[in-house]
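**Q** The amino acid sequence is not available; the structure is as follows:
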């Protein structure tokens, strides 16, 4: 399985990569624009991502806009299931989190700092981890 981590902070990228490496082949990008490009590239190679962890607040293109564009791109790929997306945020702002679910059809979210237990609880809900 493949996962893409989109996170602008080095420590956040490192922590998520360490937590995920036992279950996924992990690629890392630093903003939403790179996430969109990596997502399209993976599909073009015939090796799409199974999971995307997307920070909401990033420079150049935020996570909500990147996810909106990823979902639009997925519409051009008939017969493929949409990628599972966990939004990560340091914001304690319910409106922003709700927007990521409504506008981007996120699969779940995690408030930072991300712990391994919180991450694996969400991965279990998405069917990536069996109890």
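**A** Now that the structure is in, tell me what you want to look at. Predicted, not measured: the structure shown is a model, and the values here were computed from it. Numbering: from 1, shown residues only.

**Q** now the end-to-end length of stretch 14-34.
**A** 17 Å (Cα to Cα, to the nearest Å).

**Q** So which bits of that stretch are buried?
**A** Within stretch 14-34, the residues that count as buried by 16 or more other Cβ atoms under 10 Å are 15-17, 19-20, 24, 26-34. Glycine gets a C-beta too; all of them are placed from N, C-alpha and C.

**Q** Other residues contacting that stretch?
**A** 1-8, 13, 35, 37-38, 42, 49-51, 53-54, 58-63, 65-67, 88, 113-114, 116, 119-120, 123, 128-129 (Cβ atoms under 8 Å, 6 or more residues apart in numbering).

**Q** and the helix or strand hosting residue 73, what's its mean pLDDT?
**A** Residue 73 belongs to helix 63-74 when assigned by DSSP states H and E. Averaging pLDDT along helix 63-74 yields 94.

**Q** related to what we said a few turns ago, out of the contacts of stretch 14-34, which are buried?
**A** 3-8, 13, 35, 38, 42, 49-51, 53-54, 58, 61-63, 65-67, 88, 114, 119, 123, 128.

**Q** which stretches of this structure form helices?
**A** 10-20, 32-44, 63-74, 94-104, 116-125 (DSSP state H).

**Q** which of the ones you listed has the lowest average pLDDT?
**A** With a mean of 61, helix 94-104 has the lowest mean pLDDT of those.

**Q** and residue 81, how many residues sit next to it?
**A** Neighbours of residue 81 under the rule other Cβ atoms under 10 Å: 9.

**Q** Can you check the pLDDT for it?
**A** 80.

**Q** can you check the one 10 residues further on too?
**A** The per-residue pLDDT reported for residue 91 equals 67.

**Q** before we move on, back to that, using TSV, please lay out the helices of the chain together with distance to residue 81.
**A** Converted to TSV, the helices of the chain look like this (distance: least, Cβ to Cβ, whole Å):
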stretch	distance to residue 81
helix 10-20	20
helix 32-44	12
helix 63-74	9
helix 94-104	16
helix 116-125	16
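
**Q** Having no further points to raise, I will conclude here.
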